[in-house]
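Peer 1: okay, predicted coordinates and the sequence, questions at the end:
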Amino acid sequence: YSHSEVCLVLRGDTADGTKRLWDAMTRGCLPAFASTSDYWPMLPFPDKVPWADFSFFFYGVNSTLAAARVLSALQHLPQRLLRRKRQQLLQWLPSLV
């Protein structure tokens, strides 16, 4: 995680992927949520934490083509956007861990 700018957070062993989420965030990696449905099941403290300020969300990732689109989108993120989101992540991180 520490060598990546953006880390995919997928559903897996835990329904909401929180283990992967915290592992990525504590190393300064911006979370990129990918879900097969039209929503992400549940994020911690949704009424208090502005997840969209420091995360990326991809919905309907239910095929190889959709997954390829996500990876392409992540590869082409502007550095300015990554810097802004990382600043927000670092600002919120002490409150979350």
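Peer 2: Received the coordinates, thanks.

Peer 1: report the helix or strand with the lowest average pLDDT across the protein.
Peer 2: In the chain, no helix or strand scores lower on mean pLDDT, DSSP states H and E than helix 18-26, which sits at a mean of 84.

Peer 1: okay, Y1: pLDDT?
Peer 2: Per-residue confidence for Y1 comes out at a pLDDT of 64.

Peer 1: F57: what's it in contact with?
Peer 2: A32, F33, S35, W40 (CB atoms under 8 Å, 6 or more residues apart in numbering). From N, CA and C alone the C-beta is placed, and that goes for glycine too.

Peer 1: could you measure from the third one over to V70?
Peer 2: To tie it back to what came earlier, the one meant is S35. Counting by CB to CB, to the nearest Å, the gap from S35 to V70 is 10 Å.

Peer 1: what sits in contact with each of the two?
Peer 2: Listed contacts common to S35 and V70 are F58, V61; contacts here mean CB under 8 Å, 6+ apart.

Peer 1: tell me how far the residue nearest to D38 when sequence neighbours are not counted lies from S35.
Peer 2: Distances taken as CB to CB, 6 or more residues apart in numbering place Y59 nearest to D38, at 5.1 Å, with adjacent residues excluded. For Y59, the distance to S35 equals 5 Å [CB to CB].

Peer 1: so between those two, which is more surrounded?
Peer 2: More crowded of Y59 and S35, by other CB atoms under 10 Å: S35, with 18 against 15.
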